[in-house]
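Engineer: Just a sequence and a predicted model for now, questions to come.
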Amino acid sequence: MDFALHKEEAGELKHRKAHSSIEQSTLDAADKAPLVDVTVPVEPPEVVPAWTAANHVTTKKDRVPLLILTILSGFTRLWRLGYPPVVVFDELFYTRFVHMYINRLFHFDSNPPFAKQLIALTGYLAGYGKQNETFEKIGDRYADDTPIWALRLVPALSGTLLIPLAYCITRELGYSRLAASLAASCFLFDSALVTGSRFVLTDSVNLCLLLGAVFAVLKFIKKRPLGPGSLQWGLLAGTCMGLAISTKYTAFNSLLVLAWIVTRHLWKTIDDVTISAGRLVKYWALCCLVVFLIPTGIYLSCFYAHLAWLTKAGPYDSMMSTRFQSSLEGGLETITQGQPFNIAYGSQITLRNVAGSGGNPCWLHSHEHNYPIKYDDGRGSSHQQHVTCYGWKDINNWWIVKYADRPTLNVEQPPVYVKDGDIVQLLHGMTFKNLNSHDVAAPVTAECQEVSCFVDHNISATAQDLWEVKVVGQEGDDPVWHTIQSQVHFIHVATKAALSATGKSLPDWGFHQGETVSCEAHKEFTSSLWTVEEHRYTKAIPKLKDEREYDLRISEFTPDKPAVYTLSQKFLELQGTMLGLTKDTVEEHFYGSGPQDWILSDNGVAYWAEKGSNKQIFQAGNVLIWQTGAAVIMLTVLILLVIWLVDLRYPEMLPVPVDQWNRILYTTELVLSGWVINWLPYFFTDRTLFFHHYYPGLAFKFILIGCFVGEVLDRLRGKYGEIKVIVTNVATAVLGVWLLSVIYNFYIFIPLTYGFYELSVPELKNLEWRETWNFIIRSQ
């Protein structure tokens, strides 16, 4: 904000010129007067931000409007909270997560776990978790003994707190009670925020924590460094920031703004000569604690609790590595428990690809089907047996690790372990054919080589079935290939290509299983890494196929060394998987939207519709508030631009008082920047976006409405002299009409906000103010 500093310097320069003339006249008078030694003690001023000059801070007079707004907020969010008694919108996922939390089943999604943990705790205290609920679609009915109100209570209370927080933030920025009430009313009467607060969703929790962080930061930087209240507000700010980023990653952009505000404040304290160097260093340490250390510690703690509590295998653990799964109770752990730890010649194994196919797990697989003689594009194949990456556990996933120069298939005594750099053959356990690759183009990824199980067609094709084992990621200098804990490359000896899964699917002739190739360019990719998931030592190989299948199915393992996976290793893997899950959500969605739709509420989301009727819940913003917010943003930018251009031409002129101008700049720095950083970056986001991604930006926009109106009213009161009462009354009346219109808009959309009763087809069409508002309308 160099512009703000420039204005402050200009004001100081005028102040110094005025005082210089006074000082000169004083010196002239002093030459004629006797010398008098007078020492006047000077009290150091308290350092506060410039926006506090208007002295608008929360006082006892704020209790009445705060109480009224909070009661109204609670009523709009908590009224008949248990209705409808069915799964609404993303409750389909979040109630499932809560149920799994209570039953300690491992799960995750693309966002951190704090809000889900909080909802799970309230659900557990209310008796939830024993119900056998397996929801398949929106509209499925909850069990009769499900405490629906308890599951929805945390989001509803969080939505309730948005209103008093918005009021307090506006007051802390230095604006009047009227301006603060107006900002709070935008939150109170916005139908979209009401709808998003009444169900088992985490967006209102995230928004509540964000506004709590904004309020605490404003209080923190107003306190004298390390003075009374400084530590308490700083700790609260850091806690809210940490919990916000531990709820949803959409909080990150807002936290960047808050970090900038604290950093700017910290930088300005350097000029305060009343603060000793030691005190300043301690204050810097406190700010570092607030902005970075506390949020990071809370974030890590939430994931630590998540991983320490969820110890049982669940439906989501298949997306994790074999080593991760083996650490969970009841899933892969029951299959791999006690299996041999070291891979030996003669071992029977299943090989899982580390990267998977299309983000899903897959295992090296073959079966008695051959590649077509010619592919659809006319290219020829080897017509040998398929090798794929199959996404399910199957008897055809078993392979035998064999000597390259000996026919021995059994594990010798003592076992001879396979080590890094060894040359092996991989024999398919069911068809007894060797894993092979050759200079034939792969079926889908033509720049790579085909991988097959060798079949001799007497056409002068020779087997190229030798593979070098390259062990990576091993702890210490241990060269032995281990079950689960080792990751290996298989390098084709003849061509130096690496066995890998491309993530692409084969056509119909390949049963849409994942393509497996060998490719030298894939050596550095995780798609060419494999882990042994299931393992047994071969004792005797039955000659008949049916006997081999039976032998594999009833095999028992002899206890040996268990796999170990620490919480820190789990945390790092889970972070990578969550990031990949976020990047994968790029497909189109019927109710998806973009930042261009968020300005004027051009998009809505159907939350629920009762079967056979027009009773429904549809999330749409209060159009009047959203349009006003868009106008306020444009006017704010335009006014700041005009004043900046005028300042370039006439730097000695300032159209508003210095204190008010500084308040405008600081408000813009926080609120307008908060809106921009929560809106503009989404134009460059390559993933599916929804209405709720805009919630943080929407909150800053609503607060900006109150601040803008507050500035206008303060300007009117100070400019028109004797008629300022009349002008102010007229402006207040206009605001009253606007607020009544907002309330009326909220009122007519109540049937769609709450879904309590059904509207007729003409009534629904009358409310469909946007072509993109796709109400569910059934002819009656």
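Structural biologist: Received, thanks.
Engineer: ok, now which ones touch residue 445?
Structural biologist: By C-beta atoms under 8 Å, 6 or more residues apart in numbering, the residues touching residue 445 are 502, 504, 515, 517, 519. (Glycine included, C-beta is placed from N, CA and C.)
Engineer: Is the fourth one in a helix, a strand, or coil?
Structural biologist: When the structure is reduced to helix, strand and coil (DSSP: H, G, I helix; E, B strand; the rest coil), residue 517 reads as strand.
Engineer: likewise residue 737?
Structural biologist: Following three-state DSSP, we place residue 737 in the helix state.
Engineer: Could you measure from it over to residue 661?
Structural biologist: 30 Å (C-beta to C-beta, to the nearest Å).
Engineer: So between those two, which is more surrounded?
Structural biologist: Per other C-beta atoms under 10 Å, whichever of residue 737 and residue 661 has more neighbours is residue 661, with 20 against 9.
Engineer: wait, is that one part of a helix?
Structural biologist: Yes: per three-state DSSP, residue 661 lies within a helix segment.
Engineer: excluding its backbone neighbours, what's nearest residue 711?
Structural biologist: Distances taken as C-beta to C-beta, 6 or more residues apart in numbering place residue 664 nearest to residue 711, at 6.3 Å, with adjacent residues excluded.
Engineer: Show me what the helix or strand in which the one you found is found is packed against.
Structural biologist: Taking DSSP states H and E as the criterion, residue 664 maps to helix 658-667. If you count contacts as 3 or more C-beta pairs under 8 Å, 6 or more residues apart in numbering; DSSP states H and E, helix 658-667 packs onto helix 2-32, helix 695-719.
Engineer: Which of the ones you listed has the lowest mean pLDDT?
Structural biologist: Across the helices and strands packed on helix 658-667, helix 2-32 has the smallest mean pLDDT, namely a mean of 41.
Engineer: list the contacts for the closest residue to residue 416 other than its chain neighbours?
Structural biologist: Closest residue to residue 416 in three dimensions, ignoring its sequence neighbours and counting by C-beta to C-beta, 6+ apart: residue 345, at 5.0 Å. By C-beta under 8 Å, 6+ apart, the contact set of residue 345 is 401, 402, 403, 408, 411, 412, 415, 416, 418, 424.
Engineer: Let's have those residues in CSV, adding secondary structure, neighbour count and distance to residue 751.
Structural biologist: Converted to CSV, the contacts of residue 345 look like this (DSSP: H, G, I helix; E, B strand; the rest coil; neighbours: other C-beta atoms under 10 Å; distance: C-beta to C-beta, whole Å):
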residue, secondary structure, neighbour count, distance to residue 751
401, strand, 26, 67
402, strand, 21, 71
403, strand, 17, 75
408, coil, 13, 77
411, coil, 19, 72
412, coil, 12, 77
415, coil, 15, 73
416, coil, 15, 75
418, coil, 25, 69
424, strand, 22, 69
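Engineer: Tell me the one of those nearest residue 669?
Structural biologist: residue 418 (62.3 Å; C-beta to C-beta).
Engineer: quick one, phi/psi of the closest one?
Structural biologist: Per-residue torsions, residue 418: phi -80, psi 130 (degrees, to the nearest 10).
Engineer: No more questions from me, cheers.
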